[in-house]
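Colleague: A structural model of the following input is requested.
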Amino acid sequence: MLDKSLRTDRLASSPIFHSRIFIFCATINQVRRMSLPTVFVITGANKGIGYGIVKGLAEKLQTAIIYLTARNEKLGRESLDKLIKELGDNRHSDIRFHQLDITDHTSCENFASYLKKEHNGLDVLINNAGFAFKNAATEPPEKQARVTIGINYNGTKQVSDILLPLIRDGGRVVNVSSSEGVIAGRYSDEIIARLTSPSLTIADIDKFTRDYIKACIEDKRRENGFPNSAYKVSKAAVIALTFIQAKELKSRNILVNACHPGYVNTDMTSHHGLLTVEEGADTPIYLATLEGNGPTGKFFYKRKEIDWSVPFVSS
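Modeller: Prediction:
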């Protein structure tokens, strides 16, 4: 008869033993996740598309915890109260407010600490916060570039860097971008080649935005292969960031996608948009609730994948 310790050693080294342990641990993790509410975070959610996303999720999901976040605490809390009254009996999830300014590192860190303490993490991050100067804006191109890129790209990157480590395996990330981020016909061939390179890095995207700001300072945007619009550049950077995030998080089964919500009737469009807030929120909600075998590292419009390297045609 084999010595007991020898039999134990052989069992521990058995591939079958390890596979069973793996399955057991995976099952335990699934059970734990099933017993916990799914935690959603939506940035820039006190109005517009972000508000619509929170509303749609609260109507669609049972027993989730949904964070409506905003830079301004007073406006955020007022929006939360308004939304809860608006939903009434149609609210099936817990909606909460937390202050979050994606351009403020301390604000992002404070929120991350809160999420870790309160929920030991989160499951879904929807990066919706954004900014655009009006067409009639008179600010110099350099200022428009620094402010717009600072919020739309650098802010999104910063809050992602801080919150992504807290997202549980199997989570979702949605970056709300725009058809203005489509690169076809808007950049030089050299810039397009850089942005579509399989070896693209975040450092490359950072350089892309810095080069644009430099071109603004030198008044050489067109000459250097850029569009005039800082908003276009910022949203192209967000789409490119999405592709990299998707690669980095694939091993954890975290699906990361970007989307164009459509031309929505919000303050940002001066209420000229043709779509309702609810219609604009549809694709972000769809991507935030994708099944586990869903797509990742893609750009969507009206729930369909589109190629950012070909001209955008609205349908």
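
Colleague: Where do the helices of the stretch 1-150 of the chain begin and end?
Modeller: 4-12, 15-35, 48-60, 73-87, 105-119, 141-149 (DSSP state H, counting those that start in this stretch).

Colleague: Check which helices and strands the fifth one is in contact with.
Modeller: For helix 105-119, the contact count by 3 or more Cβ pairs under 8 Å, 6 or more residues apart in numbering; DSSP states H and E identifies strand 39-42, strand 94-99, helix 156-163 as packing neighbours. All C-beta atoms are positioned from the backbone trio N, CA, C, and that covers glycine.

Colleague: What of the fourth one?
Modeller: For helix 73-87, the elements it packs on are helix 48-60, strand 65-70, strand 94-99, judged by 3+ Cβ pairs under 8 Å, 6+ apart.

Colleague: for residue 172, helix, strand, or coil?
Modeller: Using DSSP: H, G, I helix; E, B strand; the rest coil, the structure places residue 172 in strand.

Colleague: What is the neighbour count of it?
Modeller: 24 (other Cβ atoms under 10 Å).

Colleague: Mean neighbour count, mean pLDDT and distance to residue 191 for the helices and strands packed on helix 73-87 - can I get that in a markdown table?
Modeller: As requested, those are exported to a markdown table (neighbours: other Cβ atoms under 10 Å; pLDDT from 0 to 100; distance: least, Cβ to Cβ, whole Å):
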| stretch | mean neighbour count | mean pLDDT | distance to residue 191 |
| --- | --- | --- | --- |
| helix 48-60 | 24 | 96 | 28 |
| strand 65-70 | 26 | 99 | 33 |
| strand 94-99 | 17 | 98 | 37 |
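
Colleague: Including distance to residue 282, could the ones you listed go into JSON lines?
Modeller: Listed next are the helices and strands packed on helix 73-87 as JSON lines, based on distance: least, Cβ to Cβ, whole Å:
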{"stretch": "helix 48-60", "distance to residue 282": "7"}
{"stretch": "strand 65-70", "distance to residue 282": "16"}
{"stretch": "strand 94-99", "distance to residue 282": "19"}
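
Colleague: Please identify which of those is closest to residue 256.
Modeller: Nearest to residue 256 among these is helix 48-60 (16.5 Å), distances taken as Cβ to Cβ.

Colleague: relative orientation of that closest one and helix 73-87 in degrees?
Modeller: If you take axes from the mean of the first three to the mean of the last three Cα atoms, to 10 degrees, helix 48-60 sits at 40 degrees to helix 73-87.

Colleague: Output the below-cut-off pLDDT ranges for this structure.
Modeller: For the chain, the stretches with pLDDT under 70 are 1-35, 265, 267-274, 315.

Colleague: give me that answer again for 80
Modeller: Along the chain, the model assigns pLDDT under 80 to residues 1-35, 263-274, 313-315.

Colleague: For residue 225, find the nearest of the helices and strands packed on helix 73-87.
Modeller: Across the helices and strands packed on helix 73-87, closest to residue 225 is helix 48-60 (Cβ to Cβ), at 30.4 Å.

Colleague: What are the contacting residues of that closest one?
Modeller: With contacts defined as Cβ atoms under 8 Å, 6 or more residues apart in numbering, helix 48-60 is touched by 40, 42-45, 64, 66, 68, 79, 83, 86-87, 90-93, 95, 126, 128-129, 176, 261, 264, 266-268, 276-278, 280-282, 284-285, 288-289.

Colleague: For ChimeraX, what selects the buried ones among those?
Modeller: Buried residues among those (16 or more other Cβ atoms under 10 Å), as a ChimeraX selection:
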select :40,42,43,44,45,64,66,68,79,83,87,91,93,95,126,128,129,176,261,264,266,268,277,280,281,282,284,285,288,289
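
Colleague: show me what contacts residue 76?
Modeller: For residue 76, counting by Cβ under 8 Å, 6+ apart, the contacting residues are 45-46, 68-70, 97, 99.
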